[in-house]
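Peer 1: sequence and predicted structure are below.
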Amino acid sequence: MHTKGGTECCCSFEDYNQTTEWLLSRTRHRPKIAVVCGSGLGLLADRVINKQTFPYADIPHFPVSTVPGHEGCLVFGVLKGKCCVFMQGRFHLYEGYSLCKVTFPVRIFKLLGVETLIVTNASGGLCPDFKVGDIMLIKDHINLPGFAGQHPLCGPNDERFGIRFPCMSDAYSKELRKLALDISHELDYTNFVREGVYCMVSGPNFETIAEARMLQILGCDSVGMSTVPEVTVAKHCGLRVFGLSLITNKVSLDYSREERVNHEEVLEISKMRAEHLQMMVNTLIARTHLLDEGLNTN
Ligand SMILES: O=P(O)(O)O[C@H]1O[C@H](CO)[C@@H](O)[C@H]1O
């Protein structure tokens, strides 16, 4: 329904430009930081001042959100003195969107002048040490759909965005992770802040036990159905990336376990922890300039 067939990009440079021009002509905000809010995490945009909100349905070439917990609004405004743009709701492969559409907003951010992308998501914990409600700083990811050719950069490469073969060994900024770790100490969050590897699966079903065991063997600490395409496209076009994954459930690795994961539970845990996430993200945003100035974080 939403997709054009094949793996080629279905968005032209003209489409990206049109959307960018449309936004630039309607807002005076010129964000340097973009935040993608994961399932149930839309309230990350709540503290923004001088807010200007655009429903996705009004923005040319933008997909619309179809998943509960994803409001479907682009919010511009100022947070801690920094001009930001928030995606209240993201797009997923399982909604029927091509990965080109899923990642469309990331290239819009680039054209708007954004330099740093902060991605958040809800995920299932695979690492035995993780508890429900833990916040995982994403150290690295595994692009499982990418292994099977479902990759946002398949098709002709547009050099105006980036190179044909981008390096992904430094996908998540070390400096931003260090800053976030320092912040978690200051906020006294260390007993629920972790670091780990996020794995993307296409969804929409949650994992079987055999799949979950396989992912754990592969070195995944958490699993979700998003984020990796956005991060890949962001790295391709030279954005600095930081990612937070909220562990909303423990993935079943044992056939004797009775609990059954569901999206309502995911949203409930997201809401429960959203304020802590908000505090971390806001403090990080307040301090991003320290990195640009090459200063230490404290
Ligand atoms: O990754 P986000 O968008 O936070 O959402 C996560 O939550 C949903 C499942 O409950 C899936 O969409 C999964 O990817």
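Peer 2: Yep, that arrived. Please read all numbers here as calculations on a predicted model, not as lab measurements.
Peer 1: return the residues of the protein in contact with the ligand.
Peer 2: The chain comes close to the ligand at residues 38-39, 67, 90, 92, 121-122, 203, 224-226, 263, 266, as judged by C-beta under 6 Å from any ligand atom. To be clear about C-beta, it is placed using only N, CA and C from the backbone, and glycine gets the same treatment.
Peer 1: which one of the residues you listed is nearest residue 13?
Peer 2: Residue 13 lies nearest to residue 90 out of the residues of the chain next to the ligand, by C-beta to C-beta, at 22.5 Å.
Peer 1: contact partners for the closest one?
Peer 2: The contact partners of residue 90, by C-beta atoms under 8 Å, 6 or more residues apart in numbering, come to 36-38, 65, 70, 102, 226, 230.
Peer 1: what ranges do the strands span in the stretch 1-150 of the chain?
Peer 2: For the stretch 1-150 of the chain, applying DSSP state E, counting those that start in this stretch gives strands covering 33-37, 49-55, 73-79, 82-88, 116-125, 135-143.
Peer 1: may I have the last one as PDB, with CA atoms only?
Peer 2: Presented in PDB, the C-alpha positions along strand 135-143 are these (Å, rounded to 0.1, in the frame of the first residue of the first chain):
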ATOM      1  CA  ILE A 135      17.900   2.500  29.800                       C
ATOM      2  CA  MET A 136      20.500   1.200  27.400                       C
ATOM      3  CA  LEU A 137      23.000   3.500  25.700                       C
ATOM      4  CA  ILE A 138      23.300   2.100  22.300                       C
ATOM      5  CA  LYS A 139      27.000   1.200  21.700                       C
ATOM      6  CA  ASP A 140      26.500  -0.500  18.400                       C
ATOM      7  CA  HIS A 141      23.800  -2.300  16.300                       C
ATOM      8  CA  ILE A 142      23.200  -5.300  14.200                       C
ATOM      9  CA  ASN A 143      21.200  -4.700  11.000                       C
END
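Peer 1: that strand: how far from the chain's middle?
Peer 2: If you compare the mean C-alpha spot of strand 135-143 with that of the full chain, they lie 10 Å apart, counting by C-alpha atoms, centre = their mean, to the nearest Å.
Peer 1: also the first one?
Peer 2: The chain centroid and the centroid of strand 33-37 are separated by 7 Å, computed with C-alpha atoms, centre = their mean.
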